[in-house]
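Visitor: okay, here's the prediction I keep looking at, along with the sequence it came from:
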Amino acid sequence: MNNEEKLYISSMYDLTHTAAAEYIKEYSFPWEILPHIKEIIIEIGKHLDDECPDDYIKRGEDIWIHKSAKVFDSAYIAGPAIIGAETEVRQCAFIRGSALVGKNCVVGNSTELKNVILFDNVQVPHYNYVGDSVLGFKSHMGAGSITSNVKSDKTLVVVKGYGEYDDIKIETGLKKFGAMLGDFVEVGCNSVLNPGTVIGRNTNIYPLSPVRGFVPERSIVKTGNVIVEKQNI
């Protein structure tokens, strides 16, 4: 496997844990799905109407909420959006639209979502902003951690690698690109994932970390952007 292939969808995600699997697998890189999330949610919703009418409640235009989900009265949800089974959308959550939230997820108080796919069992539980991003199975963002989805100079996002991965330089053609988190990624409290961040599976980010570019799977990102490989225990 060359370095670029480590950023492929097949290297980062188990697609059995998202309702969008049939659509995502058509692409090579996960960020290629970002311009299509809205239309994908609407298409999935049509199938829910036909195949699962007893499982989902249609709430407003293009909003489907599973009957087992818990949505607090103060949460705001704009369509298109799908909220999966056993998911909890807590007080004052702000879902701005184009959000596919999987099963057993937590969208916490004052957390904001926009143009995202959250795989099953994802937790964004406290004061998070997640925009133009894909979060893999059982990934977790600590309190106050955010995805920054637009560069300060407003130029198009280029995904870059560093160190032994400095041969990675992929032009995305996207102005808005938050973060791609592989399965089982842990992001520490108050970290900032800068535009074009791609984090491989089973990686841990220390709290208060500014992260940019590609971080390989099974890594630990320490204070000062020091990246080390996880050791087998």
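Guide: Cool, got the structure. These numbers were taken from a predicted model, which means no experiment stands behind them.

Visitor: contacts and neighbour counts: CA atoms only from here.
Guide: Will do.

Visitor: can you name the next helix or strand after the helix or strand where residue 47 lies?
Guide: For residue 47, the host element (DSSP states H and E) is helix 37-51. The helix or strand immediately downstream of helix 37-51 is strand 56-58, counting by DSSP H and E.

Visitor: name every strand pairing with that following strand and say which way it goes.
Guide: strand 63-66 (antiparallel) (DSSP bridges).

Visitor: strand partners (parallel or antiparallel) of the helix or strand following the partner strand?
Guide: Using DSSP H and E, the helix or strand that follows strand 63-66 towards the C-terminus is strand 70-71. Strand 70-71 has its sheet partners listed here by DSSP bridges as strand 88-89 (parallel).

Visitor: so how far is the partner strand off the chain centroid?
Guide: Chain-centre distance of strand 88-89: 16 Å, with Cα atoms, centre = their mean, to the nearest Å.

Visitor: what packs against the helix or strand that it is followed by?
Guide: Going down the chain from strand 88-89, the next helix or strand is strand 94-95, by DSSP H and E. Under the contact criterion of 3 or more Cα pairs under 8 Å, 6 or more residues apart in numbering; DSSP states H and E, strand 94-95 touches strand 76-77, strand 112-118.

Visitor: out of those strands, the one nearest residue 230 is which?
Guide: Closest to residue 230 of these is strand 112-118 (Cα to Cα; 25.0 Å).

Visitor: out of the helices and strands packed on strand 94-95, which is closest to residue 87?
Guide: Closest among the helices and strands packed on strand 94-95, using Cα to Cα: strand 112-118, at 11.0 Å.

Visitor: deepest of the helices and strands packed on strand 94-95, which one?
Guide: strand 112-118 (a mean of 26; mean count of other Cα atoms under 10 Å).

Visitor: strands paired with that strand, and their directions?
Guide: Strand 112-118 has these strand partners (DSSP bridges): strand 94-95 (parallel), strand 99-101 (parallel), strand 129-135 (parallel).

Visitor: format those strands as TSV; extra columns: distance to residue 160 and mean pLDDT.
Guide: Formatted as TSV, those follow (distance: least, Cα to Cα, whole Å; pLDDT from 0 to 100):
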stretch	distance to residue 160	mean pLDDT
strand 94-95	30	98
strand 99-101	26	98
strand 129-135	17	98
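
Visitor: format the ones you listed as CSV; extra columns: mean neighbour count and distance to residue 164.
Guide: Shown next, in CSV, are the strands paired with strand 112-118 (neighbours: other Cα atoms under 10 Å; distance: least, Cα to Cα, whole Å):
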stretch, mean neighbour count, distance to residue 164
strand 94-95, 23, 38
strand 99-101, 27, 34
strand 129-135, 26, 25
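
Visitor: would JSON lines of the ones you listed with distance to residue 154 be doable?
Guide: Shown next, in JSON lines, are the strands paired with strand 112-118 (distance: least, Cα to Cα, whole Å):
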{"stretch": "strand 94-95", "distance to residue 154": "24"}
{"stretch": "strand 99-101", "distance to residue 154": "23"}
{"stretch": "strand 129-135", "distance to residue 154": "15"}
